[in-house]
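>>> Take this sequence and fold it.
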Amino acid sequence: MPNYGLISSDNTDPSTKDMQVLDEHSEVYFNFINSLGPESTRHIYKLCLEKFLNHYKIDLASLLKLPEDELKSHNKISGRKENFETI
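The predicted structure follows:
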């Protein structure tokens, strides 16, 4: 699988080692990850989601509780106004 700068050569994201952002046993995560197709897609989504959550120092449950308008500008996530579409 190509490495797009998201994962290290041992297929782990080094930024996830310091913070638990995904509860892989939660119903929310289970529903999300199992809505995706092939295992390779799930693997990449998981790595990217962990990287995103670690970058903003927020866990998945907290992110999903944010109102839509705060998600778009993510003031509650990073304390600065930035549009997700630019990331």
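>>> Report all helices and strands that the helix ranked longest in the chain contacts.
Secondary structure of the chain per DSSP state H: the longest helix is helix 39-55. Judged by 3 or more Cβ pairs under 8 Å, 6 or more residues apart in numbering; DSSP states H and E, helix 39-55 is in contact with helix 27-33, helix 60-65. Where C-beta positions appear, they are placed from N, C-alpha and C, glycine not excepted.
>>> Output the first one in CSV with nothing but the alpha carbons.
Written as CSV, here are the backbone C-alpha positions of helix 27-33 (Å, rounded to 0.1, in the frame of the first residue of the first chain):
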residue,chain,number,x,y,z
GLU,A,27,-21.0,1.8,19.0
VAL,A,28,-20.3,5.1,17.2
TYR,A,29,-16.9,3.9,15.9
PHE,A,30,-18.3,0.5,15.0
ASN,A,31,-21.1,2.0,13.0
PHE,A,32,-18.8,4.3,11.2
ILE,A,33,-16.0,1.9,10.3
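>>> Now do it: which elements does it pack against?
Checked by 3+ Cβ pairs under 8 Å, 6+ apart, helix 27-33 has helix 39-55, helix 60-65 packed alongside it.
>>> Can you give me the buried ones in the shortest one?
Of the residues in helix 60-65, those buried by neighbour count under the rule 16 or more other Cβ atoms under 10 Å are 60, 63.
>>> Can you list the buried residues in the helix or strand that it is followed by?
Beyond helix 60-65 in the direction of the C-terminus, DSSP states H and E gives the next helix or strand as helix 68-73. Across helix 68-73, burial judged by 16+ other Cβ under 10 Å covers no residue at all.
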